[in-house]
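In: could you work out the structure for the sequence below:
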Amino acid sequence: MLYILPVLAALIWAGSTVVNRLAVGAIDPAAISFYRWLLAFVLLSPWLLPGVWRQRQLIARHFWQLFSLGVLGMALYQSLAYFAAHTVSAMSMGLILGTMPLLTLLLAIPLLRTRPTPGVCLGGLLSFVGLALLISAGQPCRLWAEGMGQGELMMLLASVSYALYCLLLKRWQLPVSTWVSLYVQIFCGLLVLIPAFLLAASVQLTAQNIPLVVYAGLFASGLAPGLWNYALAILGAERIAVFMNLVPLLTAVLAVLMLDEALHGYHAIGGGLILLGIVLAQGRLKPVVEPLAQGD
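Out: Below is the predicted model:
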């Protein structure tokens, strides 16, 4: 029964990618980025502020590390996705984000001094081919002639940002409790997002965009991490890591059902190669990082 928890978390995160597309034209990307974390911050405050006060000395000692994590995991990661949604389909966004586990393994080589194995090398090559098929709409030669689209580049940078976030969490091993650390990171992310929010063309909340903000702030930023972390504590990282690979698959299903997006052959082939590459890389290498709750 507990295995339903990571499945629900994956489903909520997949729905968040659909929300990214629904937000196009309904609310400025800088506005929804700020509002979602503001809502999460306000909702978490009654429960976490006492813990923040008790751990204030630890927080002060590690503030710049927490600030860096907030920039990577809260400000950059989701903001890039909201801007990318203007030109990239939800299905493609989900599949590109599916490269995150592999990027985490690859970045761990220089950051955590892990040694690449044949599985990591082969998995990286397969995922790279799948990503090339995906972002070129099945025509890899276009990448050489035209380069990567701005939206696809933003999504890839979003994946790199969160992969780096996970690795730094692992490397630093901050002595601050998990939820207090997340709360401070949200606060720091909000600080970074303020300038873009103030410069946005429109930050008005309407009947059309309020449900999108509520979903992003309440479900994707609060409920899903809670479900994932609870399952992680009970079941262990090794047992639930595979459930993260459900996110791109569920995103594709929701994109077809809710956004009427078409499923093309390059989606299936490219996405399949990306997931196969991840399986090969993780199957032959002991995980160097634990799967961490996403902030989207």
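
In: which secondary element of this protein has the worst mean pLDDT?
Out: The element with the least model confidence among the helices and strands of the chain, by mean pLDDT, DSSP states H and E, is helix 141-146, at a mean of 60.

In: so which elements touch the next helix or strand after that helix?
Out: Next in sequence after helix 141-146, counting helices and strands by DSSP states H and E, comes helix 150-172. The contact analysis (3 or more CB pairs under 8 Å, 6 or more residues apart in numbering; DSSP states H and E) places helix 150-172 against helix 63-70, helix 77-84, helix 90-97, helix 100-111, helix 118-135. The way it works is simple: take the backbone N, C-alpha and C, and place the C-beta from them, glycine included.

In: surely residue 48 and residue 186 touch.
Out: No: the criterion here is CB atoms under 8 Å, and residue 48 misses it with residue 186 at 9.5 Å.

In: burial check on residue 263, number of neighbours?
Out: Burial of residue 263 is recorded as 13 neighbouring residues (other CB atoms under 10 Å).

In: can I assume it is in contact with residue 91?
Out: Yes: using CB under 8 Å, residue 263 is in contact with residue 91, at 7.1 Å.

In: shared neighbours of the two, which are they?
Out: Common contact partners of residue 263 and residue 91 (CB atoms under 8 Å, 6 or more residues apart in numbering): 252, 256.

In: any weak-confidence spans in this protein?
Out: Where the chain drops to pLDDT under 70, the residues are 1, 116, 120, 134-148, 236-242, 278, 281-296.

In: the same query, at a cut-off of 50, please.
Out: 284-295 (pLDDT under 50).

In: state which helix of it is the longest.
Out: With residue count as the measure and DSSP state H as the assignment, the chain has helix 29-54 as its longest helix.

In: can you give me the buried ones in it?
Out: Of the residues in helix 29-54, 29-41, 44, 48, 51-52 count as buried by neighbour count, 16 or more other CB atoms under 10 Å.

In: could you do stretch 121-130 as well?
Out: By neighbour count on 16+ other CB under 10 Å, the buried set for stretch 121-130 is 123, 124, 126, 127, 129, 130.

In: just put the residues you listed in JSON lines and tack on distance to residue 200.
Out: Below are the buried residues of stretch 121-130 laid out as JSON lines (distance: CB to CB, whole Å):
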{"residue": "123", "distance to residue 200": "40"}
{"residue": "124", "distance to residue 200": "38"}
{"residue": "126", "distance to residue 200": "40"}
{"residue": "127", "distance to residue 200": "35"}
{"residue": "129", "distance to residue 200": "38"}
{"residue": "130", "distance to residue 200": "35"}
